[in-house]
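Undergrad: Sharing a sequence plus its predicted fold:
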Amino acid sequence: SQQGEEDPQALSIQEGENATMNCSYKTSINNLQWYRQNSGRGLVHLILIRSNEREKHSGRLRVTLDTSKKSSSLLITASRAADTASYFCARRAGSYQLTFGKGTKLSVIP
Amino acid sequence: DSGVTQTPKHLITATGQRVTLRCSPRSGDLSVYWYQQSLDQGLQFLIQYYNGEERAKGNILERFSAQQFPDLHSELNLSSLELGDSALYFCASTPLGDRTEAFFGQGTRLTVV
């Protein structure tokens, strides 16, 4: 199975609500990254959290990392319709391969 | 604009044919990654090159091959195409340090008919 599995697979919320997505992985990491993909377009990097970090913020984004549970979460606060996209976590496997999960499809309803 | 350029954007071809997808990484980036994304699926890692050499291999079929040239652009060759090869193919590049973020191109949408 793929490393970096996101949960839930799909999430639908009202504009202004917070959205939380989770990511689990199986082996040790150097860092964990979150990406966003608008329908059919290229992925855009959102935030990178290193294995020795527990929490990181970027604007309305908050990422946490729990290496003991091999899990991470992405919180988007005060969501907007423009946040509608798929969100992927990616694990850096060793120094090379960047492995993605299947993503969470977020729909923000105006 | 990520700085990564992929051509062509769209490609329609028949089963059994061969196609070449091209990727120009960001200026100065030495690593190039290729991914395949089928409908409603995640990204399947295919292969990575670093400064002209193959660095890591993922779920790449034997019918597929890639290379990175001295000017650092990369090509992904897909041969004996099947209907199931229809997908978005993404290229990404990273700077010298592999532990940093990846920059993605807009992808090539391949349709095999």
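TA: Perfect, thanks for sending it. Numbering: from 1, shown residues only, chains lettered A, B, ... in the order given.

Undergrad: Quick one: the strands in chain B, in order.
TA: For chain B, applying DSSP state E gives strands covering B:5-7, B:10-13, B:19-24, B:31-37, B:43-50, B:53-57, B:64-68, B:74-78, B:87-94, B:103-104, B:108-112.

Undergrad: Throw those into a markdown table and include mean neighbour count, thanks.
TA: Heads up, the C-betas are built off the backbone N, CA and C, glycines and all. Formatted as a markdown table, the entries for these read as follows, by neighbours: other CB atoms under 10 Å in any protein chain shown:
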| stretch | mean neighbour count |
| --- | --- |
| strand B:5-7 | 16 |
| strand B:10-13 | 14 |
| strand B:19-24 | 19 |
| strand B:31-37 | 25 |
| strand B:43-50 | 23 |
| strand B:53-57 | 15 |
| strand B:64-68 | 19 |
| strand B:74-78 | 20 |
| strand B:87-94 | 25 |
| strand B:103-104 | 22 |
| strand B:108-112 | 18 |
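
Undergrad: Dump those strands to JSON lines, plus distance to chain A and mean pLDDT.
TA: Putting these into JSON lines (distance: least, CB to the nearest CB, whole Å; pLDDT from 0 to 100) gives the following:
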{"stretch": "strand B:5-7", "distance to chain A": "8", "mean pLDDT": "98"}
{"stretch": "strand B:10-13", "distance to chain A": "11", "mean pLDDT": "98"}
{"stretch": "strand B:19-24", "distance to chain A": "11", "mean pLDDT": "98"}
{"stretch": "strand B:31-37", "distance to chain A": "6", "mean pLDDT": "94"}
{"stretch": "strand B:43-50", "distance to chain A": "4", "mean pLDDT": "92"}
{"stretch": "strand B:53-57", "distance to chain A": "4", "mean pLDDT": "91"}
{"stretch": "strand B:64-68", "distance to chain A": "14", "mean pLDDT": "97"}
{"stretch": "strand B:74-78", "distance to chain A": "15", "mean pLDDT": "98"}
{"stretch": "strand B:87-94", "distance to chain A": "6", "mean pLDDT": "95"}
{"stretch": "strand B:103-104", "distance to chain A": "4", "mean pLDDT": "94"}
{"stretch": "strand B:108-112", "distance to chain A": "7", "mean pLDDT": "97"}
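
Undergrad: Quick one: those strands as JSON lines, columns for distance to residue A:74 too.
TA: Compiled in JSON lines, the strands of chain B are given as follows (distance: least, CB to CB, whole Å):
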{"stretch": "strand B:5-7", "distance to residue A:74": "26"}
{"stretch": "strand B:10-13", "distance to residue A:74": "31"}
{"stretch": "strand B:19-24", "distance to residue A:74": "28"}
{"stretch": "strand B:31-37", "distance to residue A:74": "20"}
{"stretch": "strand B:43-50", "distance to residue A:74": "17"}
{"stretch": "strand B:53-57", "distance to residue A:74": "25"}
{"stretch": "strand B:64-68", "distance to residue A:74": "31"}
{"stretch": "strand B:74-78", "distance to residue A:74": "30"}
{"stretch": "strand B:87-94", "distance to residue A:74": "20"}
{"stretch": "strand B:103-104", "distance to residue A:74": "18"}
{"stretch": "strand B:108-112", "distance to residue A:74": "27"}
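
Undergrad: Which one of these lies nearest to residue A:25?
TA: strand B:43-50 (14.2 Å; CB to CB).

Undergrad: okay, the angle between that closest one and strand B:31-37?
TA: Strand B:43-50 and strand B:31-37 are oriented at 160 degrees to each other (axes from the mean of the first three to the mean of the last three CA atoms, to 10 degrees).

Undergrad: I appreciate the help and will end here.
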